[in-house]
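Peer 1: Structural data only, the sequence is not supplied:
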Ligand code: G6P
């Protein structure tokens, strides 16, 4: 939610801020703004409702705003509807302080009332404005004292970028429960919500921790921890290319990221397979620990949660241990049963989702050991977990996840095989077979992606359907959840996923002539059962788009309207293939409907507020 960027150096800041914001728009995109300090011009603030293009046009690509110090923001509205006034930067009454913020100031109402009581006039409905006004109220000439005093009064989550016109040689960055990184350059320094915004300018980054305050000058950065002691932050080198975060000839990031899946799978899995064995160098679980494990708790949100749904089926089958999958936003408040023998498997692409982070902290507090599956290196979840397995999907920009989902799935297969092997509960034949088949997944994925044209055709038949139902059993049901989410989030078509056997308990009443049902029937042991459900919806007039494995194709075509075939693979690995047609279908339906595929309405990729 919300992207922030800041620059201090010896060149014009505005074009750099705009470029940085263009890479952060996935975090929110209902309004944008920047504040730049120029010696002659003072603090100039330009902000507007709408996409970054509006701001870019207003400032002629940054050319009308002069100065080498500034902050920029792209917003996902929480407090106050998207409007020019509610856009950030928020500025204090005198115009001395400009603030950009990602997060929520929970006690803003109380601070606002206090400041209004002192006669201070507010111009927005945002929680952020209280920060700017409180800075001004506390200001008596010393910037650091002012910031410290102000922070003491704030409750909630915030990453802040602060500029003060009286201190043009400093840019202040503050982090509390919202991500913030520092980019270290030669003669300039940057702050940003994530590395994509700075990588064009520098690959040397450091990650702030909760409670940190950083003072950036053109020549360097000083970081103070929550006790205001000076700390040295390790500087990491980011080694992926900027092109990884660009469209590379595709119309949308989502299309590019769908096509990148075979490669992302290879990068995530192949280095961890050696001599026919799954080797997870990152992990140190002993067979004793795993045997004594009382429960595996999978905690995640959104598509990462759907990965957990697949993993439950596979891990329970492999390990014969109870696996509970829970939404992170529920975990925190459900008084979960966790012991020191519980392993919490936390799955997150961004590593910053606030609910997942909070749930992880709660699981740790209750005594669980935490294993995180994360895509973003250096993210908070990755840093706070006991153990981390990275997915090597590379930067994912489209709001709707595809390659991160696929690589998360892949890592759960590896975890299952590794644990089962450590525990001695998998027979060698099965282990060898699955490991062997993992190696074939990327090629099989490529074969499916080559069918994109067929799926585009099916999308052209169904893109006007007002409502779609995804049905499946076992792992097909789990993949249906993801297929349904993909469709609704980018095409705005109402869709639901149902365990096929549950349909008769209510939802079948919604099936009428022409309703589209997507039937996932790749899991051979339940193929017939699923087909019975398909016949039931067909007899009520539904149009059915079916998906199954090649060997079942002949049977399926007799019953459904259209069939998508996927190559045969070990049942445990089916989701990696099943999901691709679902992603392609959602993409092509959204394309036909003229939707803004990479930036769907009301959504943001990184959900850093509760
Ligand atoms: C948002 C994204 C989803 C993602 C979910 C969880 O809703 O749009 O694609 O699955 O957050 O995010 P995480 O980064 O924790 O996987």
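Peer 2: Cool, the structure landed. The structure displayed is predicted, hence computed values, not measured ones.
Peer 1: Break the chain into its domains for me.
Peer 2: As given by automatic domain parsing, the domain ranges for the chain are 3-239, 246-439, 449-598.
Peer 1: okay, those in JSON lines with distance to residue 610 next?
Peer 2: The way it works is simple: take the backbone N, C-alpha and C, and place the C-beta from them, glycine included. Converted to JSON lines, the domains of the chain look like this (distance: least, Cβ to Cβ, whole Å):
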{"stretch": "domain 3-239", "distance to residue 610": "8"}
{"stretch": "domain 246-439", "distance to residue 610": "6"}
{"stretch": "domain 449-598", "distance to residue 610": "20"}
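Peer 1: burial count for the closest residue to the ligand within the chain?
Peer 2: Of all residues in the chain, residue 302 sits closest to the ligand, at 2.8 Å by Cβ to the nearest ligand atom. Residue 302: 24 surrounding residues under other Cβ atoms under 10 Å.
Peer 1: near the ligand, which residues of the protein show up?
Peer 2: By Cβ under 6 Å from any ligand atom, the part of the chain that sits against the ligand consists of 301-304, 348-350, 353, 356, 399, 401, 603, 605, 607.
Peer 1: ok so, going back, would you reformat the domains of the chain as TSV and include mean pLDDT?
Peer 2: Listed next are the domains of the chain as TSV, based on pLDDT from 0 to 100:
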stretch	mean pLDDT
domain 3-239	96
domain 246-439	96
domain 449-598	96
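Peer 1: OK, contacts around residue 337?
Peer 2: Residue 337 makes contact with residue 295, according to Cβ atoms under 8 Å, 6 or more residues apart in numbering.
Peer 1: And it, how far from residue 525?
Peer 2: 31 Å (Cβ to Cβ, to the nearest Å).
Peer 1: same deal with residue 553?
Peer 2: 17 Å.
Peer 1: Repeat that for residue 570.
Peer 2: 13 Å.
Peer 1: Between these two, which has more neighbouring residues?
Peer 2: residue 570 (16 against 9).
Peer 1: what about the closest residue in space to that one that isn't next to it in sequence, which helix or strand?
Peer 2: Closest residue to residue 570 apart from its sequence neighbours, by Cβ to Cβ, 6 or more residues apart in numbering: residue 437 at 4.7 Å. In this structure, residue 437 is located in helix 428-449 according to DSSP states H and E.
Peer 1: That helix: how far from the chain's middle?
Peer 2: Offset of helix 428-449 from its chain centre (Cα atoms, centre = their mean, to the nearest Å): 27 Å.
Peer 1: Buried ones in the helix or strand following it, by neighbour count?
Peer 2: Going down the chain from helix 428-449, the next helix or strand is helix 452-462, by DSSP H and E. Using 16 or more other Cβ atoms under 10 Å as the test for burial, helix 452-462 gives 452, 455, 456, 458, 459, 462.
Peer 1: Please apply the same query to stretch 2-14.
Peer 2: Quick answer for stretch 2-14 (16+ other Cβ under 10 Å): 2, 3, 4, 5, 6, 7, 8, 9, 12, 13, 14.
Peer 1: Show me what the helix holding residue 437 is packed against.
Peer 2: Other elements packing on helix 428-449 under the criterion 3 or more Cβ pairs under 8 Å, 6 or more residues apart in numbering; DSSP states H and E are helix 261-269, strand 273-274, helix 403-423, helix 574-592.
Peer 1: how far out from the middle of the chain is the first one?
Peer 2: Here helix 261-269 shows a centroid-to-chain-centroid distance of 18 Å under the convention Cα atoms, centre = their mean.
Peer 1: same thing with the last one?
Peer 2: Its chain's C-alpha centre and that of helix 574-592 lie 19 Å apart, by Cα atoms, centre = their mean.
Peer 1: Also stretch 96-105?
Peer 2: That offset, for stretch 96-105, works out to 22 Å (Cα atoms, centre = their mean).
Peer 1: Dump the residues of the chain next to the ligand into JSON lines; add secondary structure as well.
Peer 2: What follows is the residues of the chain next to the ligand, written out as JSON lines (DSSP: H, G, I helix; E, B strand; the rest coil):
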{"residue": "301", "secondary structure": "coil"}
{"residue": "302", "secondary structure": "helix"}
{"residue": "303", "secondary structure": "helix"}
{"residue": "304", "secondary structure": "helix"}
{"residue": "348", "secondary structure": "strand"}
{"residue": "349", "secondary structure": "coil"}
{"residue": "350", "secondary structure": "coil"}
{"residue": "353", "secondary structure": "coil"}
{"residue": "356", "secondary structure": "helix"}
{"residue": "399", "secondary structure": "coil"}
{"residue": "401", "secondary structure": "coil"}
{"residue": "603", "secondary structure": "coil"}
{"residue": "605", "secondary structure": "coil"}
{"residue": "607", "secondary structure": "coil"}
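Peer 1: Nearest to residue 413 among the residues you listed?
Peer 2: residue 304 (15.4 Å; Cβ to Cβ).
Peer 1: so the closest one touches residue 409, yeah?
Peer 2: No: using Cβ atoms under 8 Å, residue 304 makes no contact with residue 409, being 10.2 Å away.
Peer 1: which residues of the stretch 501-610 of the chain fall in helices?
Peer 2: 527-538, 553-557, 574-592 (DSSP state H, counting those that start in this stretch).
Peer 1: Reformat the ones you listed as a markdown table; add mean neighbour count and distance to residue 79.
Peer 2: Converted to a markdown table, those look like this (neighbours: other Cβ atoms under 10 Å; distance: least, Cβ to Cβ, whole Å):
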| stretch | mean neighbour count | distance to residue 79 |
| --- | --- | --- |
| helix 527-538 | 18 | 44 |
| helix 553-557 | 16 | 51 |
| helix 574-592 | 26 | 30 |
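Peer 1: okay if I get those as JSON lines plus distance to residue 107?
Peer 2: Shown next, in JSON lines, are these (distance: least, Cβ to Cβ, whole Å):
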{"stretch": "helix 527-538", "distance to residue 107": "51"}
{"stretch": "helix 553-557", "distance to residue 107": "58"}
{"stretch": "helix 574-592", "distance to residue 107": "40"}
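Peer 1: quick revisit: tell me who's in contact with the residue nearest to residue 570.
Peer 2: Residue 437 sits next to 569, 570, 573 when contact means Cβ under 8 Å, 6+ apart.
Peer 1: same check, this time on residue 137
Peer 2: By Cβ under 8 Å, 6+ apart, the residues touching residue 137 are 115, 118, 120.
Peer 1: Of the residues you listed, select the buried ones using a PyMOL command.
Peer 2: Restricted to buried positions by 16+ other Cβ under 10 Å, the PyMOL selection for the contacts of residue 137 reads:
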select buried, resi 115+120
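Peer 1: which of the residues in stretch 151-159 are buried?
Peer 2: By neighbour count, with 16+ other Cβ under 10 Å as the criterion, the buried positions of stretch 151-159 are 151, 153, 154, 156, 157, 158, 159.
Peer 1: Same check on stretch 75-89?
Peer 2: 75-80, 82-83, 85-89.
Peer 1: cool, and stretch 205-225?
Peer 2: 205-209, 212-216, 218, 221, 223-224.
Peer 1: Select, from those, the two members most distant in space.
Peer 2: Across the buried residues of stretch 205-225 (Cβ to Cβ), the longest gap, 24.0 Å, separates 209 and 218.
Peer 1: Now do the contacts for residue 323.
Peer 2: Here residue 323 is in contact with 295, 296, 297, 298, 311, 312, 315, 316 (Cβ under 8 Å, 6+ apart).
Peer 1: For the second one, give me the backbone phi and psi.
Peer 2: Here is the backbone geometry of residue 296 (degrees, to the nearest 10): phi -110, psi 120.
Peer 1: Tell me how many other residues surround it.
Peer 2: Residues within reach of residue 296, counting by other Cβ under 10 Å, total 25.
Peer 1: Next: the last one.
Peer 2: Neighbours of residue 316 under the rule other Cβ under 10 Å: 14.
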